[in-house]
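Trainee: The following block contains a protein sequence and its predicted model.
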Amino acid sequence: MTGIDGNGLESEAIRLKEAKISEFFLRDSERASRFTFQAAGLILDLSKNMVDDSVMGKLIALAKCRNMSQRIEALLSGERVNSTERRAAAHTALRLDQPAEYAALARTIQDRISTYVACIHSGAVRGFSGKPFTRVINIGIGGSDLGPKMVCSALDHCEHKLETRFVSNVDGSDIASALADSDPESTLFVLASKTFTTQETLRNAQTARLWLQAAADGADIASHFVAVTAVPERAEAFGVAADQIFPMWDWVGGRYSLWSAIGISIALAFGGEVFAALRNGAAEMDRHFAQAPLSENLPVLMGLLGCWYRNYLKAQTQAIIPYAHNLRLLPAYLQQLEMESNGKSVTRDGEAVPYTTAPVIWGESGTNGQHSFHQLLHQGTDLIPVDFILPLKNPVAPDGHQPLLVANCLAQSRALMMGKSLEQARIEFLKDGCSASEAQSLAPARAMPGNRPSTLLMMEALTPETLGALIALYEHKVYVQSVIWDINAFDQWGVELGKQLCGDVLQAMSGLAEIKFDGSTDNAIARFRSMHPKCKC
Ligand SMILES: O=P(O)(O)OC[C@H]1O[C@](O)(CO)[C@@H](O)[C@@H]1O
């Protein structure tokens, strides 16, 4: 069973299997405007989805049944919504004035970041040889990488104060290529790790330190390292100067942390004002989430639609396709946000969930996807709801580019809905010079079923404010879905086992311990050891 029983949505799903989205538009000339909602500079057009008023009504009823308004209040007021880790998930306090005790802490660190960043930009703080910093390399992984990296890429058209690079992978190729064209005298490292125990990040940080030490020839390299962590003593033990450690707190989850000091790379790249504008955009979405009625609430509507497709129409994946080159990292960012948050199979009470939870999130920027996987979206066998994200203006686009990009996006969403009939396909083959019998037999390959749903999320332009609102919108959508599914969106116990096993495997690989795993793992370790006889892991 994939659905959530007892609310009439199962029978709605059976009814709508026969419906056509395009016919909804024919029957209701107001559909586009009735299904379009706005908040915080974002315009959410849901009209090309497989829903009508009756379905939306029942989805809202489901949200009420799950006490959605109270649960939103619980999140925003700092209740311990992260039950298994027994703490709040108060990332909204990093951009709102409440809950007061968390917001006050956040302000203190934001002020420290602004002062520090201004010193770097003015050259008051310099590298070991007296050169000003020109490049920042953020070393972190998961939530300590994906958010700041995505934001820096999304705002690439804004004025840069420092160049940014991001190193996350423990594969040495990642840091090797970041260091290859960097100047040790003018490179600043941000060591971003909430726990400061993440193996990948610590290994990369050690490599960065060795690289600097080799170049500094005994000079003091302390000014080159900044750390962001919830456990400052670990960063100090690593050797980062106390006044260059920016704290975060256990009430900020890793994948919700770009608003905290984890976002210092954003401030270093573009300045403290841009970082503040990003937070302001998110705060506007937070206020909307808190105050708008459920039936007009963008995150609530998006979350409910996601449940509709996942639980009732049995969609297994959700595509995210931004028609903006600068948003090309958004799908990867949302993979962690949605799949690490809601990839769960027990309820908050520890019971097995009797329905499906998070879908697989994937995507690529438009128009690149059109020349890759859109074939499957149009003619494949799966139902795949698509979120098209479309900034209407791009200040750096040369003449002629933006109209073509926007036209492609709108054409894709319409083509998914309209499809192409067998008859149209047959006529096209006739026009191509085929005989009548050839056209008849070839037509099915060219016909497209249509009736494939998509959401169009527009904004005037990609600015720090609209980007902040966009990210907050998806954060809250994830929370809404976790409320419907009655799961905890803020823990990630599933990633721990692999981390623990990695320690044992490392020991076996370096011959420090004779540990037997399974035939496959043991064979691979033996093969590795035969190629690295002197391995010291
Ligand atoms: O910031 P840290 O503690 O280095 O963790 C990095 C990432 O690792 C995870 O714990 C899981 O891999 C993520 O949730 C987190 O964002």
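Mentor: Everything's here; your move.

Trainee: and the residue of the stretch 251-400 of the chain nearest the ligand?
Mentor: Here the stretch 251-400 of the chain gets closest to the ligand at one residue, Gly254, 2.6 Å apart by C-beta to the nearest ligand atom. Placement of C-beta: from N, CA and C, glycine included.

Trainee: whoops, the stretch 401-537 of the chain was the one
Mentor: Val495 (4.2 Å).

Trainee: Can you tell me the number of residues neighbouring that residue?
Mentor: 11 (other C-beta atoms under 10 Å).

Trainee: I'd guess it is in a helix, am I close?
Mentor: Yes. Applying DSSP: H, G, I helix; E, B strand; the rest coil, one finds Val495 inside a helix.

Trainee: so what's it scoring on pLDDT?
Mentor: In this prediction, Val495 carries a pLDDT score of 95.

Trainee: Spatially, what comes nearest to it if we skip its sequence neighbours?
Mentor: Glu340 (7.4 Å; C-beta to C-beta, 6 or more residues apart in numbering).

Trainee: what does Ala267 give?
Mentor: Nearest residue to Ala267, sequence neighbours excluded (C-beta to C-beta, 6+ apart): Phe275, at 4.1 Å.

Trainee: list the helices and strands the helix or strand containing that neighbour packs on?
Mentor: According to DSSP states H and E, Phe275 maps onto helix 272-291. Judged by 3 or more C-beta pairs under 8 Å, 6 or more residues apart in numbering; DSSP states H and E, the packing partners of helix 272-291 are strand 36-39, helix 68-76, helix 100-122, helix 264-270, helix 298-307, helix 464-485.

Trainee: show me the contacts for Ala267.
Mentor: Contacts for Ala267 (C-beta atoms under 8 Å, 6 or more residues apart in numbering) come out as 113-114, 117, 274-275.

Trainee: related to what we said a few turns ago, return the most buried member of the helices and strands packed on helix 272-291.
Mentor: Mean neighbours per residue, mean count of other C-beta atoms under 10 Å, is largest over those for helix 264-270, with a mean of 27.

Trainee: quick check, that helix touching the ligand?
Mentor: No. Helix 264-270 does not reach the ligand (C-beta under 6 Å from any ligand atom); its nearest approach is 13.3 Å.

Trainee: Trp308: how many residues sit nearby?
Mentor: 27.

Trainee: picking up where we left off before, for the record, mean pLDDT for the helix holding Phe275?
Mentor: On average, helix 272-291 scores 98.

Trainee: Likewise for stretch 461-474?
Mentor: On average, stretch 461-474 scores 98.

Trainee: tell me which parts of the protein are close to the ligand?
Mentor: Of all the residues in the chain, those lying near the ligand are 141-144, 193-195, 198, 201, 254-255, 340, 492, 495, going by C-beta under 6 Å from any ligand atom.

Trainee: Now do the same for the nearest residue to the residue of the stretch 251-400 of the chain closest to the ligand once chain neighbours are set aside: helix, strand or coil?
Mentor: Nearest in space to Gly254, with sequence neighbours left out and distances taken as C-beta to C-beta, 6+ apart, is Gly143 at 3.0 Å. Assigned with three-state DSSP, Gly143 falls in the helix class.

Trainee: which residues of the stretch 1-150 of the chain score low on pLDDT?
Mentor: 1-3, 5-6 (pLDDT under 70).

Trainee: rerun that using 80 as the cut-off
Mentor: Scanning the stretch 1-150 of the chain for pLDDT under 80 picks out 1-6.

Trainee: average model confidence for the strand or helix carrying Ala205?
Mentor: Here Ala205 sits within helix 199-216, counting by DSSP H and E. Helix 199-216 shows a mean pLDDT of 98.

Trainee: Could you list every helix and strand in contact with that helix?
Mentor: Looks like helix 199-216 contacts strand 135-139, helix 172-180, strand 187-192 (3+ C-beta pairs under 8 Å, 6+ apart).

Trainee: how does this protein divide into domains?
Mentor: As recorded under the TED database, the domains making up the chain are 9-81+281-488, 91-278, 496-531.

Trainee: Please point out which parts of the shortest one sit buried.
Mentor: Spelled out, that is domain 496-531. Buried residues in domain 496-531, counted by 16 or more other C-beta atoms under 10 Å: 505, 508-510, 525.

Trainee: try stretch 19-36
Mentor: For stretch 19-36, the neighbour count (16+ other C-beta under 10 Å) marks 21, 24, 31, 35 as buried.

Trainee: The second one contacts Arg31, correct?
Mentor: Think Phe24. Yes. Between Phe24 and Arg31 a contact is recorded at 5.7 Å, counting by C-beta atoms under 8 Å.
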